[in-house]
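J.: could you look at this predicted model? Sequence included:
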Amino acid sequence: MRLFRVFCVALLGAALVAAPAGPAAAADEPIRVEAESLSVVSATAPVESQPNCCGVAWSGGRQLWLRGARAGDSVTLALPSVPAGQYDIGGVLTRAGDYGTVRFAIDGVAVGQLFDGYAPSVQRTGAVPLGSASLTAGSHRLTVTVTGRAAASTGFFAGLDTVTLRRVGPLAAVTSTPYETVAETPARGTLTRVYDPSVGEAVSWYYNDHTIVRNQQTGLWHVFAITHAEPGAPLDEKTFGHATAPTPTGPWTKRPPALTADPAAGEQWIWAPHVVYDAGVYHMFYAAGNPDFANYRMHLATSTDLFTWTRSPANPLFTDGWEGRDPMVTRVGDRWVMYYTATSSPTGGNHVVAYRTSTDLRTWSARAIAYSSPHTGQAAGQTESPFVVRRGDWYYLFVCCDGTDYGAAYRRTAVYRSRDPLRFEGADKVTVLDAHAAEVVVDGANWYLSHAGWGQGGLWLAPLTWSTGVVARGYTMHTGFLRADVRTWPHARIAALAVDPAGGGAHRPALDSSHRGTGPYLAVGRFDVTDRAGPPARVEVSADGSRINLVGIGFGDEPVTADWLLTVAPRWTGPALQSDVTWSVNGRPSAPVWEVAFNVDGALPAVGDPAVRARPTGDVTGMPAWTMTTGAGLSVVAAHRWASAWRGDNTWYDAGHAMAAWQPLWRSGGTSWEPGRYPGGTWRFAASGVGGDVGFADGVYAAINATP
């Protein structure tokens with residue numbers, strides 16, 4: 001076919017520098033130009049004006065033909081002069097057996113989605129949407145880049161017949177401002193082993209979850225901990241070890257066990273003591289384990305001297321699961337708060353940091369959730385050993401074990417920062433510290449971080465220092481109609497989107513980070529997030545700030561990246577934020593791929609779609625025209641450009657977070673994902689000041705699917 005086309009082609013020659021297209025049409029009348037008539041500004045491969053051939057008749061009898069030889073070849077064209085405004089850009093293109101995959105850019109920043117130019121025979125397409133851009137008055141440049149090719153294609157050619165620019169709104173008045181969030185963050189110094197419970201024993205013993213507390217009367221320090229002979233035997237841990245010292249750093253003296261499991265009290269094994277002092281009495285909270293993992297008992301014992309302990313007649317204070325355990329109690333305002341690890345359902349689910357409140361340390365409220373991990377399961381997880389401390393106006397949640405591989409994550413304690421001690425959902429992860437079952441110990445001006453666990457050789461202590469550093473980077477995109485927090489580090493996501501349908505700047509929360517945030521993610525080897533979107537390799541911002549392209553986003557250890565383009569796209573009826581994701585698979589993923597998804601994390605009470613206005617949690621086959629999160633006086637629509645993703649398997653709804661995860665690839669048991677580039681989908685977020693505004697949602701869907 002290539003030889004045949006060489007004979008069919010006429011070099012542009014003087015045609016490449018022919019007079020530019022005529023003046024732009026009046027506002028809102030589409031501007032349509034022959035691509036071959038546009039001036040070539042630059043090219044990395046031959047560019048020709050190809051006459052009709054191969055059974056195809058192009059508009060004007062010719063097309064612009066980029067004879068690319070490799071991925072990355074491109075041509076930049078000068079567009080005709082236009083009035084200022086927001087434009088939808090379309091084109092008529094060509095497909096053939098030796099054509100590649102194409103991406104478009106305006107003035108150096110991407111627009112729209114990938115276009116797959118492969119077809120078994122030469123074909124002229126109908127009108128194809130190329131993207132949206134805010135254009136100042138005057139001329140602009142369109143770049144056509146061949147990014148790769150389909151497996152069946154034999155070449156990297158590209159063909160463009162016509163280009164259409166249709167003004168659909170006023171010039172975007174967008175302020176996009178980069179930011180860095182600087183905050184106080186903790187750092188762990190050198191660990192020193194301060195106590196070895198093996199002393200005096202015939203075999204090695206370990207300490208695991210523990211608590212360190214100072215006697216208010218004598219000043220003597222006490223440690224209480226799960227203890228057992230190595231190796232770890234969680235269902236045989238029936239004793240709390242006890243030692244004392246004049247200072248947290250020692251020397252520690254071994255004491256008789258503080259408490260032993262009592263089956264008659266409902267204790268088959270006992271875990272994770274935590275001690276607080278109130279009104280002359282020390283209160284030890286601990287988990288009383290039993291074979292009913294969905295109903296672990298939270299128990300209390302009290303003491304006046306930290307040596308003799310008496311179980312409370314109020315036991316169990318409550319029951320919870322899966323393995324509701326690892327209590328930590330602190331004072332917040334006029335009440336006590338108990339944090340502990342559990343799962344979203346007592347029989348399993350997302351690992352969570354649950355909390356309950358009390359005024360008397362005996363009667364506790366119903367359960368609420370302070371933090372929910374995206375990872376699911378039972379038993380050990382990502383929310384063990386929660387510990388909360390306050391620094392000024394901020395609260396810091398220390399929680400183990402950070403990662404999906406429990407063995408590798410055993411000594412990884414993540415630290416999250418929030419102004420609200422009861423809400424760490426979507427909070428910044430400010431650091432990860434090398435420690436297991438960590439407690440924060442304060443002795444005057446000295447702060448320490450503890451560490452213990454199976455195979456760790458006892459109790460360790462390290463200085464904990466606080467310093468100011470960067471914890472987040474990103475851009476704020478701002479108009480009177482919307483304000484978006486586009487996070488670029490440490491994880492790429494829309495951390496928050498607030499909207500005002502009236503355009504007056506009275507923004508209301510529309511999207512948040514109450515669970516996953518809004519953005520792409522992968523599930524490899526199982527369902528749910530295994531690989532979050534990391535920072536991009538680079539960020540491209542259009543001169544007017546209306547487009548931000550996050551290029552080369554990584555996903556954990558997978559050989560996969562994504563480019564994520566965000567465009568402020570105002571319409572005559574108000575602005576929208578458009579999202580375009582493209583995926584690049586650069587090698588074989590580490591396991592079968594279960595999900596390739598784009599998550600939308602709503603901030604309003606309900607989420608639904610055209611079929612069901614308020615969806616319950618669960619999967620729905622295929623992709624709807626739109627999803628809508630809605631509440632009183634506000635509807636936020638995520639409208640889908642139909643077939644803009646390379647496949648459309650499933651949508652997952654999470655009613656508790658008003659969340660919809662659009663999943664082009666969704667396969668129970670996983671599937672192979674071959675190397676290549678994949679259009680991941682186009683969505684447009686728009687808002688109405690009417691709750692449950694279905695008519696508006698249908699209009700947004702029609703607008704994003706209109707072809708210029």
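T.: Nice, thanks for sending it over.
J.: which elements pack onto the longest strand seen in the chain?
T.: For the chain, the strand with the greatest residue count under DSSP state E is strand 459-478. Judged by 3 or more Cβ pairs under 8 Å, 6 or more residues apart in numbering; DSSP states H and E, strand 459-478 is in contact with strand 175-188, strand 192-195, strand 428-434, strand 446-451, strand 482-489. For glycine as for every other residue, the C-beta is placed from the backbone atoms N, C-alpha and C.
J.: quickly compare those and say which is most buried.
T.: Burial of those is given as mean neighbour count (mean count of other Cβ atoms under 10 Å); strand 482-489 ranks first at a mean of 23.
J.: okay, now the sheet partners of that one, with direction.
T.: Using DSSP bridges, the strands paired with strand 482-489 in its sheet are strand 459-478 (antiparallel), strand 493-499 (antiparallel).
J.: sorry, back to before: mind telling me which of the helices and strands packed on strand 459-478 the model trusts least?
T.: Among these, strand 428-434 carries the lowest mean pLDDT, at a mean of 89.
J.: ok and that one relative to strand 459-478, angle-wise?
T.: For strand 428-434 against strand 459-478, the angle by axes from the mean of the first three to the mean of the last three Cα atoms, to 10 degrees is 160 degrees.
J.: quick one: list the elements packing against strand 428-434.
T.: Packing contacts for strand 428-434, counted by 3+ Cβ pairs under 8 Å, 6+ apart, involve strand 175-188, strand 412-418, strand 459-478.
J.: what residues does that strand touch?
T.: When contacts are defined by Cβ atoms under 8 Å, 6 or more residues apart in numbering, strand 428-434 is touched by residues 181, 183, 185-188, 191, 396, 398, 402, 411-417, 449, 451, 471-472, 490.
J.: so how far is whichever helix or strand comes after that strand off the chain centroid?
T.: Sequence-wise, the next helix or strand downstream of strand 428-434 (DSSP states H and E) is strand 440-443. Strand 440-443 sits 33 Å away from the centroid of its parent chain (Cα atoms, centre = their mean, to the nearest Å).
J.: report all helices and strands that strand 440-443 contacts.
T.: Here strand 440-443 touches strand 446-451, going by 3+ Cβ pairs under 8 Å, 6+ apart.
J.: what segments of the protein are helices?
T.: Per DSSP state H, the chain carries helices over the ranges 2-8, 406-409, 694-704.
J.: and the closest residue to Y286 other than its chain neighbours, what does it touch?
T.: Counting by Cβ to Cβ, 6 or more residues apart in numbering, Y286 lies nearest to P273, which is 4.5 Å off, once chain neighbours are set aside. Counting by Cβ under 8 Å, 6+ apart, P273 touches D209, H210, T211, F224, A225, I226, F240, A258, L259, M284, F285, Y286.
J.: torsion angles phi and psi at F481?
T.: phi -90, psi -30 (degrees, to the nearest 10).
J.: please give me every residue in contact with it.
T.: Each residue near F481 by Cβ under 8 Å, 6+ apart is listed here: V499, D500, P501, G503, P570, G574, P575, A687.
J.: okay, F685 and A533: tell me how far apart.
T.: 17 Å (Cβ to Cβ, to the nearest Å).
J.: go on, H640?
T.: Taking Cβ to Cβ, one finds H640 at 20 Å from A533.
J.: same check on W336?
T.: Remark: distance between W336 and A533 (Cβ to Cβ) = 38 Å.
J.: likewise for V213?
T.: For V213, the distance to A533 (Cβ to Cβ) stands at 41 Å.
J.: surely R493 touches G517?
T.: Yes - in this structure, R493 is within contact of G517 by Cβ atoms under 8 Å, at 3.7 Å.
J.: who touches both of these two?
T.: With Cβ under 8 Å, 6+ apart as the test, R493 and G517 both reach R487.
J.: count of neighbours near P251?
T.: Look at P251: counted by other Cβ atoms under 10 Å, it has 11 neighbours.
J.: so what's V432 bridging to?
T.: In this entry, V432 is beta-bridged to A414, by DSSP bridges.
J.: what does S579 give?
T.: With DSSP bridges as the rule, S579 is bridged to L566, W683.
J.: what's the neighbour count on it?
T.: S579: 22 neighbours (other Cβ under 10 Å).
J.: now swap in G695 and tell me
T.: Using other Cβ under 10 Å, G695 has 10 other residues around it.
J.: for it, give me the pLDDT.
T.: G695 carries a pLDDT score of 95 in this model.
J.: same check, this time on T218
T.: 96.
J.: any idea how far G444 is from it?
T.: For T218 relative to G444 (Cβ to Cβ), the value is 16 Å.
J.: name the residue in these two with the higher neighbour count.
T.: Set side by side, T218 and G444 show more neighbours around T218, with 12 against 5, by other Cβ under 10 Å.
J.: same drill for W336 and A533, tell me which one is more crowded.
T.: The neighbour count for W336 versus A533, taken as other Cβ under 10 Å, is higher for A533 (27 against 19).
J.: report the contact partners of the more buried one.
T.: Going by Cβ under 8 Å, 6+ apart, A533 touches H491, A492, R493, G519, P520, Y521, I553, G554, F555, A562, W564.
J.: chain neighbours aside, what residue packs nearest to it?
T.: Using Cβ to Cβ, 6+ apart and skipping residues adjacent in sequence, the residue nearest A533 is A492, 4.2 Å away.
J.: isn't that neighbour up against V539?
T.: No - with contact defined as Cβ under 8 Å, A492 does not reach V539; the gap is 9.5 Å.
J.: lowest-confidence stretch among the helices of the chain?
T.: Among those, helix 2-8 has the lowest mean pLDDT, at a mean of 31.
J.: so where's this structure shaky on pLDDT?
T.: Applying pLDDT under 70 to the chain picks out residues 1-28, 571-573.
J.: pull the contacting residues for the nearest residue to Y521 once chain neighbours are set aside.
T.: Nearest residue to Y521, sequence neighbours excluded (Cβ to Cβ, 6+ apart): V529, at 4.9 Å. Residues in contact with V529 (Cβ under 8 Å, 6+ apart) are P374, H375, R516, Y521, L522, A523.
J.: likewise for A462?
T.: With contact set as Cβ under 8 Å, 6+ apart, A462 has these partners: R188, G189, T190, L191, T192, A435, Y448, L449, H451.
J.: same check on P248?
T.: By Cβ under 8 Å, 6+ apart, P248 lies in contact with V194, I212, W221, V441, D443, N446, Y448, L461.
J.: one more: G426?
T.: Shown in contact with G426 (Cβ under 8 Å, 6+ apart): A495, D512, S513, S514, H515, G517.
J.: just the buried residues out of these, in ChimeraX syntax.
T.: Buried members of those, defined by 16 or more other Cβ atoms under 10 Å, are picked up in ChimeraX with:
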select :495,512,513,514,515,517
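J.: what's the closest of the contacts of G426 to A661?
T.: Set against A661, the nearest of the contacts of G426 by Cβ to Cβ is H515 (9.8 Å).
J.: torsion angles phi and psi at that closest one?
T.: For H515, the backbone dihedrals are phi -140, psi -80 (criterion: degrees, to the nearest 10).
J.: can you tell me how far it sits from T76?
T.: Per Cβ to Cβ, H515 is found 42 Å from T76.
J.: how about L235?
T.: On the measure of Cβ to Cβ, L235 and T76 end up 67 Å apart.
J.: hang on, E540 packs against D563?
T.: No - here E540 does not reach D563: they are 9.4 Å apart, not a contact under Cβ under 8 Å.
J.: break down the stretch 51-200 of the chain into its strands, ranges please.
T.: Under the criterion DSSP state E, counting those that start in this stretch, the stretch 51-200 of the chain contains strands at 62-66, 74-78, 85-95, 101-106, 109-116, 123-135, 141-148, 158-169, 175-188, 192-195.
J.: partner strands of the shortest one and their direction?
T.: Strand partners for strand 192-195, identified by DSSP bridges, are recorded as strand 459-478 (antiparallel).
J.: the partner strand: how far from the chain's middle?
T.: Computed by Cα atoms, centre = their mean, the chain-centroid distance of strand 459-478 equals 19 Å.
J.: show the contacting residues for A151.
T.: A151 makes contact with E674, G676 under the criterion Cβ under 8 Å, 6+ apart.
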